[in-house]
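> Next come a sequence and a model predicted from it.
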Amino acid sequence: MQKFYVFSLFFLSVGFLCNAQRFVLIEASADIANPTNIFPIIMGDTTANGDRVDNNTVYQLENGQVYVSSGRLVNKPEWPLQIQAVDLQDTENKAIITRVPNASGDFQDIMRAEGDVTFQNLWIIAGEAAPLGQHDWGRVRILGEGSRVVVRDCIIEKDRGGFLQMRANNVKCYIENSVLRNGGNRRMLQGNGRGIDAREFYFDTLVIRNTIVHNIQDRFFRSQGGSQPHNYIEIDHCTSFNTIGRHGHIQLGRVLKAKITNNLFMNPIMLGSSPIYTDEQTQPDGDLHKVITIDTLYEGTDLEIKANNIFWTEDVTDYWASNDSVSAPGVLSQLIEAHLGSEVEQAFFQEQLELNNVPERILQYVIDLYNDPSSMDMYDFIVEDVAVEGTPFDSGNLFDFSEFDPCYSPNTTSATAGTDGGAIGAVEQCEELINSTAEVLNPGLQLTVQPNPTSGRAVFRYTLEQSGQVALSLHSLSGQKVATVFSGFQLSGDQYLDWAPVQSMAAGLYIARLQTEEGITALKVLVK
């Protein structure tokens, strides 16, 4: 598995509590059949009169060890719930939290937070109650109005609803370097199974970066029914695959400012565009699914949607072609297209990629669903680790997560197509893409093109610090070279290339790629 890297500046900006913190190590049980129960330790960490011993306590769990919770962790606004692995750098061995029944035999939630929350380097198995059974719904809920939630280097899985459910307004939520997987009802048609669920509540801030969402039944993000808009939503450098998407993929709802950039969405809305299964919740454009939607445009609405690779693999599109009721969904809803105007060409492109090593595609679930949506014997889209092979948890859909590698070839357009000139998707775990980007990107070349968009002549300018061989070419978004602007030797200094053949090119978005002995840079060129 690739290493999870850290956006340190991002979390410095979050503003962790600066007061002195008290650290409490919760030791793992030596008896693997009876793991340590964190519920009585955390909730019982009080003085004789019931006050918290210290309102700024960080509970540390041992890396790679299993812990259970028999009750619902509930904090108050005056004390943040802070749980993390002892070694934050050892992201290969996260501390594991799962549930066990309480004294009455009931499985409680993992958490219903009324104050701030910080989870770091944890693997939370949220809704599992029995092998191959329906997962419980909404096990991690945020109820603290105006609270702050930080989820960093975590895996959260097996919730039938949303992995993080917001049940309060004005929350600031930051999710980074994490994986959300295995969401929804298994072996039957239901709409539940979401990444982040805002429901009818509004965020002050939601930032999701370098996060992977896979094997879920519904949306990456849901916002529906609220009367007040979110202030700011950012989804940047994320990867999703194996998402059924019964009701869409990114549902912004009402928002004042949104940034959706540099993401890799592979097979979003695998159900296609058919309205046959949208009986529970319709879309802004009627019953037609769209990958990214917004319900309302306000005066001053600010949408930045750029450099997202959104595509469907051939096996999925072939199935749609074989089923008269299904076709490819649209990518952007009508209001988004109207708002972006000419910038809509930069919102997304489509490049077929293969991820290096991820769970197999779950097309069979879609086929089974269309054949009989009431069946209780559909393909199980929930993927389990090979360690459970032959046990009651063996669903037949197994994967060796120690070899999980959601990266792709650096020899692709996606490796240089980001708005920052780098690779798109959750690439902070992809050393080859990071190294490739570091070698490729040289902003000092100062490549520009005027005018842009262009419909006639185009003038490329750049600066060479040293003389040498230079190649400037135009490529389609699939990576195919379509034209050579210049190839040869140039002296150092400011360069000027006046190129006329652009007028004979088909309208669309292209990538201008400049390769020099000082490095490589790229630039988007829109031909009208």
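Sure, I can see it. Residues are numbered from 1 along each chain as shown.
> Run through the helices of the chain in chain order.
For the chain, the helices defined by DSSP state H cover 8-14, 38-43, 314-322, 334-340, 363-371, 431-440.
> In CSV, list the ones you listed along with mean pLDDT, distance to residue 525 and mean neighbour count.
From N, CA and C alone the C-beta is placed, and that goes for glycine too. As requested, the helices of the chain are exported to CSV (pLDDT from 0 to 100; distance: least, Cβ to Cβ, whole Å; neighbours: other Cβ atoms under 10 Å):
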stretch, mean pLDDT, distance to residue 525, mean neighbour count
helix 8-14, 34, 31, 11
helix 38-43, 98, 55, 17
helix 314-322, 95, 28, 14
helix 334-340, 96, 18, 17
helix 363-371, 93, 36, 18
helix 431-440, 63, 18, 17
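> Would you mind giving these as JSON lines with distance to residue 274 added?
Compiled in JSON lines, the helices of the chain are given as follows (distance: least, Cβ to Cβ, whole Å):
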{"stretch": "helix 8-14", "distance to residue 274": "39"}
{"stretch": "helix 38-43", "distance to residue 274": "45"}
{"stretch": "helix 314-322", "distance to residue 274": "9"}
{"stretch": "helix 334-340", "distance to residue 274": "19"}
{"stretch": "helix 363-371", "distance to residue 274": "8"}
{"stretch": "helix 431-440", "distance to residue 274": "35"}
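> Could you point out which of those helices sits nearest residue 247?
Closest to residue 247 of these, according to Cβ to Cβ: helix 363-371, at 14.2 Å.
> and the closest one, what other elements does it pack with?
Counting contacts by 3 or more Cβ pairs under 8 Å, 6 or more residues apart in numbering; DSSP states H and E, helix 363-371 is packed against helix 314-322.
> Kindly calculate the angle that the helix it packs on makes with helix 363-371.
Counting by axes from the mean of the first three to the mean of the last three Cα atoms, to 10 degrees, helix 314-322 points 20 degrees away from the direction of helix 363-371.
> How far away from the center of its chain is helix 314-322?
25 Å (Cα atoms, centre = their mean, to the nearest Å).
> contacts for that helix?
Helix 314-322 is contacted from outside by 267, 270, 272, 326-328, 352, 361, 363, 366-367, using Cβ atoms under 8 Å, 6 or more residues apart in numbering.
> Taking the residues you listed together, which two end up most distant?
Maximum pairwise distance in the contacts of helix 314-322, criterion Cβ to Cβ, is 21.0 Å, between 352 and 367.
> coming back round to it: which among the contacts of helix 314-322 end up buried?
267, 270, 272, 326, 361, 363, 366 (16 or more other Cβ atoms under 10 Å).
> Just the closest of the residues you listed to residue 141, please.
residue 270 (27.6 Å).
> Report the separation between the residue nearest to residue 505 when sequence neighbours are not counted and residue 250.
For residue 505, ignoring the flanking residues on the chain, the nearest one in space by Cβ to Cβ, 6 or more residues apart in numbering is residue 527 at 5.1 Å. According to Cβ to Cβ, to the nearest Å, residue 527 stands 28 Å off from residue 250.
> Looking at those two, which one has more neighbours?
residue 250 (28 against 20; other Cβ atoms under 10 Å).
> what are the bridge partners for the more buried one, then?
Assessed by DSSP bridges, residue 250 has beta-bridge partners residue 221, residue 292.
> separation between it and residue 147?
Distance, residue 250 to residue 147, by Cβ to Cβ: 24 Å.
> helices and strands of this structure: which one has the lowest mean pLDDT?
In the chain, the helix or strand scored least confidently by mean pLDDT, DSSP states H and E is helix 8-14, which has a mean of 34.
> What ranges does the stretch 401-528 of the chain have for its strands?
With DSSP state E, counting those that start in this stretch as the criterion, the stretch 401-528 of the chain has strands at 448-450, 458-464, 468-475, 481-490, 493-499, 508-516, 519-527.
> mind listing what residue 418 touches?
Neighbour list for residue 418: 237, 261-262, 307, 424 [criterion: Cβ under 8 Å, 6+ apart].
> Excluding residues flanking it in the chain, which one is nearest it?
Nearest residue to residue 418, sequence neighbours excluded (Cβ to Cβ, 6+ apart): residue 262, at 4.3 Å.
> doesn't residue 310 make contact with that neighbour?
No - counting by Cβ atoms under 8 Å, residue 262 does not reach residue 310; the two are 11.9 Å apart.
> More neighbours: which of these two?
Neighbour totals were compared for residue 262 and residue 310, and residue 262 leads with 26 against 23 (other Cβ under 10 Å).
> need the contact list for the more buried one.
Contact analysis of residue 262 by Cβ under 8 Å, 6+ apart lists 236-237, 306-308, 418-420, 422, 424-425.
> go with 7 Å
236-237, 307, 418-419, 424 (Cβ atoms under 7 Å, 6 or more residues apart in numbering).
> again with residue 152
Residues near residue 152 by Cβ under 7 Å, 6+ apart: 11, 120, 176-178.
> quick one on the thing from earlier: can you pick the most crowded of the contacts of residue 418?
Among the contacts of residue 418, residue 424 has the most neighbours (other Cβ under 10 Å), with 31 neighbours.
> so what's that one scoring on pLDDT?
pLDDT for residue 424: 94.
> For it, give its distance to residue 268.
In terms of Cβ to Cβ, residue 424 sits 14 Å off from residue 268.
> can you tell me how far residue 321 sits from residue 354?
Separation of residue 321 from residue 354 (Cβ to Cβ) stands at 21 Å.
> got it, and residue 327?
According to Cβ to Cβ, residue 327 stands 24 Å off from residue 354.
> give the contact list for residue 244.
217-218, 270-271, 365-366.
> Let me know the closest of these to residue 111.
For the contacts of residue 244, the closest approach to residue 111 (Cβ to Cβ) belongs to residue 218, at 21.3 Å.
> how near is that closest one to residue 75?
Taking Cβ to Cβ as the measure, residue 218 and residue 75 are separated by 28 Å.
> Counting neighbours, go ahead and name the busier of these two.
Higher neighbour count among residue 218 and residue 75: residue 218, with 27 against 23, using other Cβ under 10 Å.
> Now for that one: which residues touch it?
Going by Cβ under 7 Å, 6+ apart, residue 218 touches 184, 191-194, 244-247.
> In the stretch 351-500 of the chain, where is pLDDT below threshold?
Along the stretch 351-500 of the chain, the model assigns pLDDT under 70 to residues 435-441, 477-480.
> again, 90 this time
Along the stretch 351-500 of the chain, segments meeting pLDDT under 90 span 373-377, 410-413, 416-422, 428-444, 452-458, 466-471, 473-485, 487-492, 498-500.
> Going by neighbour count, list what's buried in stretch 58-75.
Neighbour-count burial for stretch 58-75 [16+ other Cβ under 10 Å]: 58-63, 65-75.
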